[in-house]
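[1] Mind looking at a prediction? Sequence and model below.
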Amino acid sequence: MNIRLSALIVFGLMLSAPAVPRASVPPAPILPAAGGTPASSRECPLASQAAFTKGVLTITRGSRVVRLRVEVAETPAARAQGLMCRTRLDADAGMLFIFEETTRGSFWMKNTLIPLSIAFIDETWRIVEILDMEVERDPATPVAFYSPKKAYRYALEVNRGFFVRHNITAGASVTYRPQP
C-alpha cells in the first residue's frame, strides 16, 4: 500500500493513508485535555477541536512500572490536531496516536509550544525507539522531522525527558486501557 501525506500531527507531520488535508479540519475553540493548557485561538489560529478518547497507559520495563493518563488520537482529525498549541502538559499525561496499520511516517513539531519526547511502539505494544523533539524556532514553519528507524503502529508523546526520568527504554512493554 502506498503511504501518502496524511495529516499535521499535533506537533508533527505524519505519513499514512488516507490523506487528510489540514483544510478539512475546521477551526474551532481549543480545549484542554489530559492536563494540557491550550494557547488562545489568537496565538494559534490553526488549531481545531478534535474528539479525543481517554485512557490509561502502563509502561513496564523489568520491575519498573509507570502509568500515564492519555488522550487518544485515533481518528484522522484527532491525529492532525494532537497536542498542537498546548502551552503545558501535566507530568503524568501524554497523547497516544493509534494508526490503522503499521507505518514509518515522520512527526514534526508544527505549532507545538512545549518540548516533547516520543516513543514509537510496534504492533506487539513494545517500544521500538524513543526520540526527543525540540520546539521549533518558528512553530508555524517547522524544519525538523522525527522518523524512527523501525516501523510502528502507535506513538506516545509526553513531556521531554519523561522516559529518561522513568528509566524507560526501547524494549519496554506498553498496555493501554480505555476509560469508559
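    In hand now; what should we look at? All of these numbers come straight from a predicted model, not from anything done at the bench.
[2] where does the chain dip in pLDDT?
    When residues are selected by pLDDT under 70, those of the chain lie in 1-48.
[3] most remote residue from it's center?
    Ser63 (26.0 Å; CA atoms, centre = their mean).
[4] Please determine how far that one is located from Asn167.
    In this view, Ser63 and Asn167 are 10 Å apart by CB to CB, to the nearest Å. Where you see a C-beta, it was placed from the backbone N, CA and C, and this is true even at glycine.
[5] element containing the residue nearest the centre of the chain?
    In the chain, the residue lying closest to the centroid (CA atoms, centre = their mean) is Glu157, at 4.2 Å. Using DSSP states H and E, Glu157 falls within strand 152-159.
[6] State the next helix or strand along the chain beyond that strand.
    With DSSP H and E, the next secondary element past strand 152-159 is helix 162-165.
[7] Check which helices and strands that next one is in contact with.
    strand 116-121 (3 or more CB pairs under 8 Å, 6 or more residues apart in numbering; DSSP states H and E).
[8] Show me what the strand it packs on pairs with in its sheet, parallel or antiparallel.
    strand 127-133 (antiparallel), strand 152-159 (antiparallel) (DSSP bridges).
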